[in-house]
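*Asks:* Sequence and predicted structure, then a few things I'm wondering about:
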Amino acid sequence: MESALDYDTAKALLEWQVELGADEALSEAPVNRYALDAERPKSRAQSKAPPTAAAKPAEIDAVQAARAAANAAQDLAGLRAALQEFEHCDLKRGAKQMVFADGNPAARVMIIGEAPGRDEDRIGQPFVGAAGHLLDRMLAAIGLDRKSDDAASAVYITNVLPWRPPQNRDPKPDEIALLLPFLTRHVALAGPDIVILMGNISCEAGLGKRGITRLRGHWAEAFGRPALPMFHPAYLLRTPQAKREAWADLLELKARLERKS
C-alpha cells in the first residue's frame, strides 16, 4: 500500500524521531534487548573509568645515581667517562667543559682544589692561571712537579667539583654532596700516600668542616689517607702575608714524604 506521506514530510518525521533518540527500525523478527545490551559497547560516558591520580614518575636520587656511577668505574679513564656522562648536576649545563685532573696519577701526593675557575674552565685543567703558576712554584720549592714522570717527585691534581660554578661562586653544600662519590672514588683509584686539601671547600668535602685558618698545618685523615689542609694559592695571592704559613706547611709535607720514603 502506497504511503499517503510525501517525501519531505516523511523525511521531517524521521529526523524528528532521530532527535528523540530512535536509532533503529522495527523488524518483523523478535529482538532480545537484554542480549543486545550485553553485547553493545558502552557509551563513552558509561565506559569512562573513575578518575584516578596520575602516576608520578619516580624521583631520581641523584646522589645515589652518582654513587652507583662512581663505584662502577674500574679505573681513572672509566671514572672520567662516568663523570662526563653524569647528567644530574646543573653546573654541567653552564660550564664550557669538564675539568677532571692533571699531573701523574701514580704520584704519592694528590692535591684536591675547590672548583674550576674561568681559566680552568677554558683550558680544561685544574690550577692554571695565576693561582696555578703560584702552586707550581710552591711545589718546585720542595722538589715536586706536576709534570714529573717519577712518582716520588710528581703530584696529581683534581678538584672537588669538575665543573665551574657560575661567576666563580663557592660551591653549594648540595653540589659538594652530589659530586663527593666521584671524588671519593677518584682518590681510591689514584691511591696516593698523602692528600692535600687546598682551601675551605676541599676541607668540607674531605673532613666535613671548614675553617682553613684553623685547620691548616694540622694532619688529619680524609678519604682514608693522611691529609694536610693548606691555604689555596688564590687566597695567598689575595693575602700575601699568609705565605709564611704556607711555606711552613710545604716543609711539613716534605718532611712527611721523606719519613715515608
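*Replies:* Ah, there it is.
*Asks:* low pLDDT regions in the stretch 101-250 of the chain?
*Replies:* Low-confidence segments of the stretch 101-250 of the chain (pLDDT under 70): none present.
*Asks:* can you map out the helices along it?
*Replies:* Per DSSP state H, counting those that start in this stretch, the stretch 101-250 of the chain carries helices over the ranges 118-123, 129-140, 173-190, 200-207, 212-215, 233-238, 243-260.
*Asks:* Could you save those helices as JSON lines and add columns showing mean neighbour count and distance to residue 72?
*Replies:* All C-beta atoms are positioned from the backbone trio N, CA, C, and that covers glycine. Converted to JSON lines, those look like this (neighbours: other Cβ atoms under 10 Å; distance: least, Cβ to Cβ, whole Å):
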{"stretch": "helix 118-123", "mean neighbour count": "18", "distance to residue 72": "26"}
{"stretch": "helix 129-140", "mean neighbour count": "17", "distance to residue 72": "31"}
{"stretch": "helix 173-190", "mean neighbour count": "19", "distance to residue 72": "9"}
{"stretch": "helix 200-207", "mean neighbour count": "23", "distance to residue 72": "21"}
{"stretch": "helix 212-215", "mean neighbour count": "16", "distance to residue 72": "33"}
{"stretch": "helix 233-238", "mean neighbour count": "18", "distance to residue 72": "34"}
{"stretch": "helix 243-260", "mean neighbour count": "14", "distance to residue 72": "32"}
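*Asks:* out of these, nearest to residue 101?
*Replies:* Ranking those by proximity to residue 101 (Cβ to Cβ) places helix 173-190 first, at 7.4 Å.
*Asks:* CA atoms of that closest one as PDB?
*Replies:* Taking Å, rounded to 0.1, in the frame of the first residue of the first chain, the C-alpha atoms of helix 173-190 are listed here in PDB:
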ATOM      1  CA  PRO A 173      76.700  22.100  50.000                       C
ATOM      2  CA  ASP A 174      74.300  20.100  47.900                       C
ATOM      3  CA  GLU A 175      76.600  20.300  44.900                       C
ATOM      4  CA  ILE A 176      79.500  19.100  47.100                       C
ATOM      5  CA  ALA A 177      77.400  16.200  48.400                       C
ATOM      6  CA  LEU A 178      76.300  15.300  44.900                       C
ATOM      7  CA  LEU A 179      79.800  15.000  43.400                       C
ATOM      8  CA  LEU A 180      81.500  13.700  46.500                       C
ATOM      9  CA  PRO A 181      81.100  10.000  45.400                       C
ATOM     10  CA  PHE A 182      83.100  10.800  42.300                       C
ATOM     11  CA  LEU A 183      85.900  12.500  44.300                       C
ATOM     12  CA  THR A 184      86.000   9.600  46.800                       C
ATOM     13  CA  ARG A 185      86.300   7.100  44.000                       C
ATOM     14  CA  HIS A 186      88.900   9.300  42.400                       C
ATOM     15  CA  VAL A 187      91.100   9.200  45.400                       C
ATOM     16  CA  ALA A 188      90.600   5.400  45.800                       C
ATOM     17  CA  LEU A 189      91.600   4.700  42.200                       C
ATOM     18  CA  ALA A 190      94.600   7.000  42.200                       C
END
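*Asks:* Measure how that helix sits relative to helix 200-207, angle-wise.
*Replies:* 60 degrees (axes from the mean of the first three to the mean of the last three Cα atoms, to 10 degrees).
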